[in-house]
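1. Below are the sequence and a predicted model for it; my questions follow.
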Amino acid sequence: MDDDYDFSGYATRFNIQCADGRTIRKGAFSDCDGKVVPLVWNHQHDAPTNVLGHALLENRDDGVYAYCKCNDTVPGEDCKKLIHSGDVDSLSIYANDLKENRGDVLHGMIREVSVVLAGANPGAYIDSILAHGEDYEEGAIIYSGDTFDDLGDSEEEETKVINNTEENTIQHSCGGSETKKKNKKLEQSAEDTKDSIETDKESDDSEDNSDDSNDDEETIEDVVDSMTDKQRNVMFAIIGQAIEDANGTDDESESENDSNDSTKEEENKDMKHNAFDKDNEDNSLSHGLTEDEESTIISDAKRFGSLKDSFLQHSEEMGIKDIKYIAHAGTSVVKASGTSTYGINDPDFLFPDARLATPTPTFIRRNNEWVAGVMSGVKNSPFSRIKSIFADITEDDARAKGYIKGKLKKEEVFSLLKRTTTPTTIYKKQKMDRDDIVDITDFDVVAWIKTEMREMLDEEIARAILVGDGRLASSDDKVNESNIRPIWTDEDLFTIKRTMTVAANATDDDKAKMIIKEAVKARKDYKGSGNPIFYTTEDTLTICLLLEDTQGHRLYNNANDLAAAMRVSTIVTVPAMENLTRTVTSGASSAVHTLVGLIVNLNDYTVGADKGGAVAMFDDFDIDYNQQKYLIETRCSGALTVPYSAIALETTPAV
């Protein structure tokens with residue numbers, strides 16, 4: 001044997017019972033003789049640094065011997081130092097493609113050898129260490145040789161077994177609450193089967209001895225005699241359950257004989273389900289892999305993070321069910337999800353945390369540029385109760401009169417009109433858990449929330465001033481229209497209603513021309529201040545701007561040209577005005593009117609609020625629920641105070 005290795009030892013021993021009750025029989029891994037497999041640390045595959053080197057396998061009469069060579073990486077050198085110093089002295093294997101019979105592993109393929117802190121097979125140890133260099137020296141480290149007679153019932157071991165079952169792997173651990181439950185259920189079966197097993201044991205021994213020609217090896221009888229009473233009961237229970245499952249009869253003796261007769265045939269078939277396995281009934285431990293499949297799985301091991309994960313990924317496409325493996329040491333594997341074949345796998349783990357592109361999260365809102373114009377355009381009054389008194393001097397009785405000598409002079413007669421608008425409260429309320437406020441450290445979440453509350457409050461007031469809040473009259477949240485009077489639906493004394501009848505076959509150009517003409521004509525009745533603003537929708541503005549002459553030239557290059565044509569100072573689009581309708585009843589008939597736009601100078605609209613009714617923000621802390629609560633509210637009134645100061649353009653379908 002070439003001496004170019006760092007240490008060697010038995011990866012596993014034959015005919016020695018492992019801690020989990022399995023026994024690896026002679027020749028189980030004969031196909032692995034001369035095979036080179038990876039050498040890893042403690043069966044971990046979550047990083048390339050866990051690969052320590054490679055191991056050359058040699059099949060011997062008493063076990064599988066491994067000649068191990070560490071690589072030149074830092075972990076490889078560290079492992080070599082640990083072994084030379086005697087801190088680590090155990091080897092373990094990972095194998096699959098298993099064939100078993102009653103707890104005896106008859107065949108398998110070793111996929112890796114691992115340096116472990118403690119092995120499951122008491123015969124696995126490192127017995128030879130070679131130091132390369134001038135001081136060539138061979139030493140020996142003896143494994144303690146634990147017999148694992150005491151299976152133990154600790155809570156830690158119980159958790160280990162349960163966790164391994166969930167991972168769909170065979171871990172060589174002891175005990176477990178699940179095993180206790182199974183044993184309890186099978187206790188009666190064990191007693192009934194025990195006598196039959198004792199009777200047939202000699203035939204089992206002779207058959208097993210015929211397979212093993214070495215007289216020095218332990219027989220089944222020797223192994224059974226070395227068991228504790230607890231271990232024997234477990235073995236009897238497993239065999240009894242297997243007999244019942246195989247034959248479905250109450251005759252245990254006949255079942256046992258039938259099972260013995262078919263032992264050789266079953267050696268070449270899949271192992272029937274384990275009495276302790278709580279997963280699927282079909283727990284096949286055998287699958288014949290072709291050379292191409294094996295090559296594919298091994299080559300993809302790096303991509304999937306480990307041989308185990310590579311097998312699991314390819315299991316469905318290759319028709320493998322419930323792949324199991326022997327891992328002679330506990331392991332906690334973190335699967336790598338990357339697919340890189342160079343550099344660092346999953347380099348995104350090292351990327352810096354993403355940061356906000358803006359100081360605070362950006363609100364997804366409707367276009368609210370019009371809100372500021374409305375709030376700044378209205379007239380503000382320091383009194384919340386607005387009273388308007390008008391004297392109607394448009395009638396003939398109010399006209400000045402000519403005098404004829406000798407005739408009686410007549411007194412002037414005119415009417416007084418009065419309207420009073422009282423205030424209402426408009427509010428917005430929010431709350432947050434104080435724990436969340438403290439944990440959000442990237443920005444001032446309280447200031448951010450208060451900004452949103454003020455924006456939404458202003459938008460609601462501006463909407464109520466122009467067209468109303470749109471809620472049903474029965475809604476508790478509705479802003480009362482007798483307190484904040486909408487310009488659109490205000491009395492005819494204040495808002496001039498101009499309705500256009502649209503034919504069913506009218507085009508957009510027809511509608512646009514009609515709107516522009518009606519806006520110009522309505523200015524005759526307008527009595528408001530200065531040059532008004534046209535508030536409308538994007539759709540209305542678009543069809544008006546797209547008007548063309550007979551040569552295909554646009555009539556209006558921009559909104560300013562259109563505003564001049566409509567005799568308004570500017571045009572402002574309001575998303576809240578889209579698709580607004582109202583039903584107008586006249587006698588027995590009614591018609592639906594769709595709002596097109598409002599022409600108004602908001603200086604003629606007065607919003608009143610007392611000193612205590614101005615916009616105010618309130619904070620409160622609920623100590624019972626550890627919540628911070630916020631309230632923003634105002635108490636105000638609003639109404640047009642100049643007669644005929646607004647024009648509402650509406651359309652209605654032709655009858």
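-> Sure thing, it's come through. Numbers count the residues shown, from 1 in each chain.

2. I'd assumed Thr499 was in a strand, is it?
-> Yes: in this structure, Thr499 lies within a strand as judged by DSSP: H, G, I helix; E, B strand; the rest coil.

3. Gly613 and Ala462, how far apart?
-> Summarising the geometry, the distance separating Gly613 from Ala462, computed by C-beta to C-beta, to the nearest Å, is 17 Å. The C-beta positions use only the backbone N, C-alpha and C, and glycine is treated the same way.

4. Could you check which of these two has the larger neighbour count?
-> Neighbours around Gly613 and Ala462, counted as other C-beta atoms under 10 Å, are more numerous at Ala462. The numbers are 22 against 19.

5. my read: that one touches Trp370, true?
-> Yes: counting by C-beta atoms under 8 Å, a contact exists between Ala462 and Trp370, whose distance comes to 7.2 Å.

6. Could I get the CA-only coordinates of stretch 550-568 as PDB?
-> Output for stretch 550-568, consisting of C-alpha atoms alone and laid out as PDB, is shown next (Å, rounded to 0.1, in the frame of the first residue of the first chain):
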ATOM      1  CA  THR A 550     -60.100  70.400 -41.100                       C
ATOM      2  CA  GLN A 551     -56.400  70.300 -41.900                       C
ATOM      3  CA  GLY A 552     -55.600  68.100 -38.900                       C
ATOM      4  CA  HIS A 553     -53.900  70.800 -36.900                       C
ATOM      5  CA  ARG A 554     -54.600  71.000 -33.200                       C
ATOM      6  CA  LEU A 555     -56.700  73.900 -32.200                       C
ATOM      7  CA  TYR A 556     -55.100  74.300 -28.800                       C
ATOM      8  CA  ASN A 557     -51.400  73.700 -28.300                       C
ATOM      9  CA  ASN A 558     -51.600  73.500 -24.500                       C
ATOM     10  CA  ALA A 559     -53.900  74.000 -21.500                       C
ATOM     11  CA  ASN A 560     -53.200  77.700 -21.400                       C
ATOM     12  CA  ASP A 561     -54.600  78.200 -24.900                       C
ATOM     13  CA  LEU A 562     -57.700  76.200 -24.000                       C
ATOM     14  CA  ALA A 563     -58.200  78.200 -20.800                       C
ATOM     15  CA  ALA A 564     -58.100  81.400 -22.700                       C
ATOM     16  CA  ALA A 565     -60.700  80.100 -25.100                       C
ATOM     17  CA  MET A 566     -63.000  79.100 -22.200                       C
ATOM     18  CA  ARG A 567     -62.500  82.500 -20.500                       C
ATOM     19  CA  VAL A 568     -60.900  81.000 -17.300                       C
END
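
7. Give the bridge partners for Phe7, please.
-> Note on Phe7: beta-bridge partners by DSSP bridges are Cys68, Ile129.

8. Now do it: how many residues are near it, please.
-> Using other C-beta under 10 Å, Phe7 has 26 neighbouring residues.

9. domain parsing for the chain?
-> Using automatic domain parsing, the domain ranges for the chain come out as 7-171, 177-266, 495-606+642-653.

10. lowest-confidence stretch among those domains?
-> Among those, domain 177-266 carries the lowest mean pLDDT, a mean of 54.

11. Show me where the stretch 451-600 of the chain has its strands.
-> Using DSSP state E, counting those that start in this stretch, the strands found in the stretch 451-600 of the chain span residues 495-502, 533-536, 571-573, 581-586, 589-600.

12. in the stretch 251-400 of the chain, which ranges drop under the pLDDT threshold?
-> Judged by pLDDT under 70, the stretch 251-400 of the chain has its weakly predicted residues at 251-295, 298-299, 301-341, 392, 394-398.

13. Surely Ala591 is in contact with Thr652?
-> Yes: under the contact definition of C-beta under 8 Å, Ala591 touches Thr652, with a separation of 5.1 Å.

14. what's the angle between the host helix or strand of Val374 and strand 589-600?
-> Counting by DSSP states H and E, the element that carries Val374 is helix 369-377. Orientation check (axes from the mean of the first three to the mean of the last three C-alpha atoms, to 10 degrees): helix 369-377 against strand 589-600 gives 70 degrees.

15. can you dump the C-alpha coordinates of helix 369-377 into PDB?
-> The C-alpha coordinates for helix 369-377 follow below in PDB (Å, rounded to 0.1, in the frame of the first residue of the first chain):
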ATOM      1  CA  GLU A 369     -51.700  68.800  -6.400                       C
ATOM      2  CA  TRP A 370     -55.100  70.400  -6.700                       C
ATOM      3  CA  VAL A 371     -55.700  70.100  -2.900                       C
ATOM      4  CA  ALA A 372     -53.200  72.800  -2.000                       C
ATOM      5  CA  GLY A 373     -54.700  75.200  -4.500                       C
ATOM      6  CA  VAL A 374     -58.200  74.600  -3.100                       C
ATOM      7  CA  MET A 375     -57.100  75.000   0.600                       C
ATOM      8  CA  SER A 376     -55.100  78.200  -0.100                       C
ATOM      9  CA  GLY A 377     -57.700  79.600  -2.500                       C
END
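
16. Can you name every helix or strand that that helix contacts?
-> Counting contacts by 3 or more C-beta pairs under 8 Å, 6 or more residues apart in numbering; DSSP states H and E, helix 369-377 is packed against helix 445-466, strand 533-536, strand 571-573.

17. which parts of the next helix or strand along the chain from that helix are buried?
-> Heading C-terminal from helix 369-377, the first helix or strand you meet, by DSSP H and E, is strand 379-381. For strand 379-381, a neighbour-count test (16 or more other C-beta atoms under 10 Å) marks Ser381 as buried.

18. Could I get the CA-only coordinates of the helix or strand following strand 379-381 as PDB?
-> As assigned by DSSP H and E, the chain's next helix or strand after strand 379-381 is strand 386-392. Extracted C-alpha coordinates of strand 386-392, given in PDB (Å, rounded to 0.1, in the frame of the first residue of the first chain):
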ATOM      1  CA  ILE A 386     -71.100  81.800   8.700                       C
ATOM      2  CA  LYS A 387     -74.200  83.900   8.000                       C
ATOM      3  CA  SER A 388     -74.900  85.500   4.700                       C
ATOM      4  CA  ILE A 389     -77.600  88.200   4.100                       C
ATOM      5  CA  PHE A 390     -78.400  89.300   0.600                       C
ATOM      6  CA  ALA A 391     -80.700  92.000  -0.800                       C
ATOM      7  CA  ASP A 392     -82.200  91.100  -4.200                       C
END
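
19. Strand 386-392 pairs with which strands, and in what direction?
-> Partner strands and pairing direction for strand 386-392 (DSSP bridges) are strand 415-421 (antiparallel).

20. Go through stretch 538-548 and flag the buried ones.
-> With burial defined by 16+ other C-beta under 10 Å, the residues of stretch 538-548 counted as buried are 540-541, 543-545, 547.

21. Just the C-alphas of it, formatted as PDB.
-> Taking only C-alpha atoms (Å, rounded to 0.1, in the frame of the first residue of the first chain), the coordinates of stretch 538-548 have been written out as PDB:
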ATOM      1  CA  GLU A 538     -58.200  64.500 -17.200                       C
ATOM      2  CA  ASP A 539     -60.500  62.900 -19.700                       C
ATOM      3  CA  THR A 540     -62.300  66.200 -20.300                       C
ATOM      4  CA  LEU A 541     -59.100  68.100 -20.700                       C
ATOM      5  CA  THR A 542     -57.700  65.500 -23.100                       C
ATOM      6  CA  ILE A 543     -60.600  65.500 -25.500                       C
ATOM      7  CA  CYS A 544     -60.600  69.300 -25.600                       C
ATOM      8  CA  LEU A 545     -56.800  69.500 -26.300                       C
ATOM      9  CA  LEU A 546     -57.100  66.900 -29.100                       C
ATOM     10  CA  LEU A 547     -59.600  69.000 -31.100                       C
ATOM     11  CA  GLU A 548     -58.300  69.600 -34.700                       C
END
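
22. Neighbours of Glu481, how many?
-> Around Glu481 sit 15 other residues, with neighbours defined as other C-beta under 10 Å.

23. any idea how far the closest residue in space to it that isn't next to it in sequence is from Gly377?
-> In space, not counting the residues next to it along the chain, Glu481 is nearest to Gly468; the distance is 5.6 Å by C-beta to C-beta, 6 or more residues apart in numbering. Summarising the geometry, the distance separating Gly468 from Gly377, computed by C-beta to C-beta, is 18 Å.
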